[in-house]
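Asker: Just to be clear, the model below is a prediction. Sequence and coordinates:
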Amino acid sequence: MSEVFLITNILSKFLQKLGVSLTEAMAQVEITVCSLESMKNDDEFNRIWNENMNIGAENDTDEPDEQRKRKVPARLGGGDIISRTLSAKDSCRINSFYAALDVIITSLKKDLTKIV
């Protein structure tokens, strides 16, 4: 996720400069949004995932576990809930990586439309 922070930090520093025109600011926001949207692909996620797994291995930490299956309480009939279970990697991709990018991109686009 450090790449995301680097990209958004560039925008932050640019917007804090003195004498930035509205058109320059809008252009920089568009560049940032495009950069973040280009990160929303499997290749980029896999690269980041592998980097994190290597860091984890160097520091002797456990790999993330898959979510455990939920069970229906006995008073409601018991048994397993039939659902698609995601691997830890897929869960991280969907619930963390893509979700964080979506929030940032949506926020930037929303702020851009407020300006216009």
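Answerer: Yep, that arrived.

Asker: Name the nearest residue to the residue positioned nearest the centre of the chain, ignoring sequence neighbours.
Answerer: Centroid-nearest residue in the chain: F97, 2.7 Å away (criterion: Cα atoms, centre = their mean). Nearest non-adjacent residue to F97, counting by Cβ to Cβ, 6 or more residues apart in numbering: F45, 5.6 Å away. Glycine gets a C-beta too; all of them are placed from N, C-alpha and C.

Asker: Tell me which residues of the host helix or strand of that neighbour come out buried.
Answerer: Using DSSP states H and E, F45 maps to helix 42-58. Of the residues in helix 42-58, F45, I48, W49 count as buried by neighbour count, 16 or more other Cβ atoms under 10 Å.

Asker: who touches the first one in this structure?
Answerer: The one in question is F45. If you count contacts by Cβ atoms under 8 Å, 6 or more residues apart in numbering, F45 has them with R93, F97, Y98.

Asker: Switch those over to CSV; also include pLDDT and distance to N54.
Answerer: Conversion of those to CSV gives the following (pLDDT from 0 to 100; distance: Cβ to Cβ, whole Å):
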residue, pLDDT, distance to N54
R93, 91, 17
F97, 93, 17
Y98, 94, 22
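
Asker: so which of those comes closest to V33?
Answerer: Y98 (15.1 Å; Cβ to Cβ).

Asker: So for the most far-flung residue of the chain relative to its centre, what's the pLDDT?
Answerer: Distance to the chain centre peaks in the chain at R75, reaching 38.5 Å (criterion: Cα atoms, centre = their mean). Listed pLDDT for R75 reads 70.

Asker: Right, I'll call it a day here.
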